[in-house]
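S.K.: Predicted coordinates and the sequence they were generated for:
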Amino acid sequence: MDYEHRTEGKDWWPDEEPTLEEAERLVASGPLDILITHDAPASVPVKGDFQLRPELAERADRTRLLLRQVVDTLAVPHVFCGHWHQRRIHELVHPDGV
């Protein structure tokens with residue numbers, strides 16, 4: 001979300017955000033016991049201390065929503081992430097109740 005203040009190829013890369021195709025490949029590879037990601041899946045409560053422009057907030061939310069879709073589809077029991085630099089333990093209830 002702060003790519004405007006970074007240098008492409010040095011501390012920001014255009015392909016660093018996960019794509020739908022990558023998520024689909026991950027889901028197709030089968031079940032996971034652990035998923036380690038940079039960002040947190042959608043609905044995990046995190047607190048940001050800054051205001052994003054609406055278009056940047058939408059872009060950031062796309063990754064979180066995509067991660068949540070993967071976690072729900074695979075019913076991943078343990079997800080670890082660090083992007084928000086906050087300690088959170090949150091239980092996600094998957095659509096099938098697992």
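M.R.: Arrived safely, thanks for sending. Numbering: from 1, shown residues only.
S.K.: Provide the contact partners of the longest helix belonging to the chain at residue level.
M.R.: Across the chain, the longest stretch assigned as helix under DSSP state H is helix 54-74. Helix 54-74 is contacted from outside by 1, 17-18, 20, 23, 26-27, 30-32, 35, 37, 39-44, 52, 76, 79, 92, 94-95, using C-beta atoms under 8 Å, 6 or more residues apart in numbering. Just so you know, the C-beta spots here come from the backbone N, C-alpha and C atoms, and that holds for glycine as well.
S.K.: just the buried members of the residues you listed?
M.R.: Judged by neighbour count, with 16 or more other C-beta atoms under 10 Å as the criterion, the buried members of the contacts of helix 54-74 are 18, 23, 26, 32, 35, 37, 39-42, 44, 76, 79.
S.K.: burial measure for the spatially closest residue to residue 96 that is not a sequence neighbour, as a count.
M.R.: With sequence-adjacent residues excluded and distances taken as C-beta to C-beta, 6 or more residues apart in numbering, residue 96 is closest to residue 75, at 6.7 Å. Applying other C-beta atoms under 10 Å, we find 14 other residues in the vicinity of residue 75.
S.K.: for residue 63, same thing?
M.R.: Should you count by other C-beta under 10 Å, residue 63 turns out to have 22 residues around it.
S.K.: And it, how far from residue 93?
M.R.: Taken as C-beta to C-beta, to the nearest Å, the spacing of residue 63 relative to residue 93 amounts to 21 Å.
S.K.: would you say residue 27 is within a helix?
M.R.: Yes: assessed by DSSP: H, G, I helix; E, B strand; the rest coil, residue 27 belongs to a helix.
S.K.: quick one: it and residue 90, what's the gap?
M.R.: Residue 27 is 22 Å from residue 90, where distance means C-beta to C-beta.
S.K.: likewise residue 23?
M.R.: Taken as C-beta to C-beta, the spacing of residue 23 relative to residue 90 amounts to 20 Å.
S.K.: ok, now residue 24?
M.R.: According to C-beta to C-beta, residue 24 and residue 90 sit 25 Å apart.
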